[in-house]
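> Sharing a model prediction with you, sequence too.
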Amino acid sequence: MRISDSVQCIDFPCLDTRRESYLVPGVDLDLACVSILLISEAAPQDPADGYYAGPQALFARTSLLAFQDAGAQVGSIQELLDLGVCLTTAVKCGKTGYGISSATIRNCSHLLEKEIALFPNIKVYLLMGDVAIKAVNMIAKRNGGPRVIPAGSTYKIRGGEFTFRGARALPSYVQAGPAFFVEKSKRKMIAEDIRMALELAAG
């Protein structure tokens with residue numbers, strides 16, 4: 001099925017996002033076969049750069065490089081899907097500035113919660129960046145639980161044993177977009193986190 005058939009924003013209340021770049025995964029998926037859900041920050045400003053927009057799309061290219069850095073033998077997003085990896089964003093519209101407000105993350109976390117509920121067999125959540133971490137923490141707290149990922153710098157808490165809805169939750173850094181090519185130290189840590197996710201999903 002297509003996630004976009006079940007997850008839709010109706011009123012677009014957020015003030016710091018671009019409605020015209022609204023993007024929810026519209027690719028056909030066997031949801032039961034997905035074991036890793038990678039959640040990054042926000043949709044790209046140009047939908048043509050989205051995860052499922054083709055081999056030249058920026059988010060697709062940097063994500064494939066990240067998985068290749070981790071040792072995965074993949075050459076396309078379809079091959080990632082075949083591995084049981086689904087890629088999505090915490091915020092479904094592109095951002096207008098550098099940051100994203102807590103109000104926007106909270107609004108979109110309701111959509112993300114609906115999306116997460118579609119997957120019955122997730123073993124690992126890869127939380128790529130602060131926005132994804134905040135969104136999952138908001139979902140957990142809204143449902144009466146504690147925060148999933150503790151406060152603190154990502155580099156200090158990476159590798160901790162955190163769980164969300166019965167699956168491991170791994171905090172990491174954003175792998176989608178131009179920053180991936182610039183910050184080499186983070187690129188190495190991203191590869192380590194993805195490698196751990198793949199091992200946990202296979203175990």
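The structure has been received and is ready for your questions. Numbering: from 1, shown residues only.

> List the buried residues for the helix or strand of the chain with the lowest mean pLDDT?
Within the chain, judged by mean pLDDT, DSSP states H and E, the helix or strand with the poorest mean is helix 179-182; its value is a mean of 76. If you call a residue buried by 16 or more other C-beta atoms under 10 Å, then helix 179-182 has these buried ones: Phe180. C-beta: built from backbone N, CA, C; applies to glycine.

> which residues are contacting that helix?
Taking contacts as C-beta atoms under 8 Å, 6 or more residues apart in numbering, the residues outside helix 179-182 that touch it are 62, 65-66, 174, 186-187, 190.

> what do you get for stretch 191-201?
So stretch 191-201 is in contact with 35-36, 38, 66-67, 69-72, 83-84, 123-124, 126, 158-159, 168, 170-172, 175, going by C-beta under 8 Å, 6+ apart.

> Inside helices: which ones of those residues?
66-67, 69 (DSSP state H).

> Tell me the one of the residues you listed nearest Phe119?
For the ones in helices among the contacts of stretch 191-201, the residue nearest Phe119 by C-beta to C-beta is Phe67; the value is 18.8 Å.

> need the contact list for the closest one.
If you count contacts by C-beta under 8 Å, 6+ apart, Phe67 has them with 74, 80, 85, 194.

> Who wins on neighbours among those residues?
Ile194 (27 neighbours; other C-beta atoms under 10 Å).

> That one looks like it's in a strand, true?
No: read with DSSP: H, G, I helix; E, B strand; the rest coil, Ile194 is helix and lies in no strand.

> For it, give its distance to Leu38.
When C-beta to C-beta, to the nearest Å is applied, the distance between Ile194 and Leu38 equals 8 Å.

> Overlap in contacts, those two.
Overlap between the neighbourhoods of Ile194 and Leu38 consists of 126, 175, taking contacts as C-beta under 8 Å, 6+ apart.

> contacting residues for the most centrally placed residue in the chain?
Most central in the chain under C-alpha atoms, centre = their mean is Ile39, positioned 1.0 Å from the mean C-alpha point. Contact analysis of Ile39 by C-beta under 8 Å, 6+ apart lists 88-90, 112, 125-128, 132, 135-136.

> element containing the residue nearest to it when sequence neighbours are not counted, please.
If the residues on either side of it in the chain are set aside, Ile39 comes closest to Ala132, at 4.2 Å by C-beta to C-beta, 6 or more residues apart in numbering. Per DSSP states H and E: Ala132 is located in helix 130-142.
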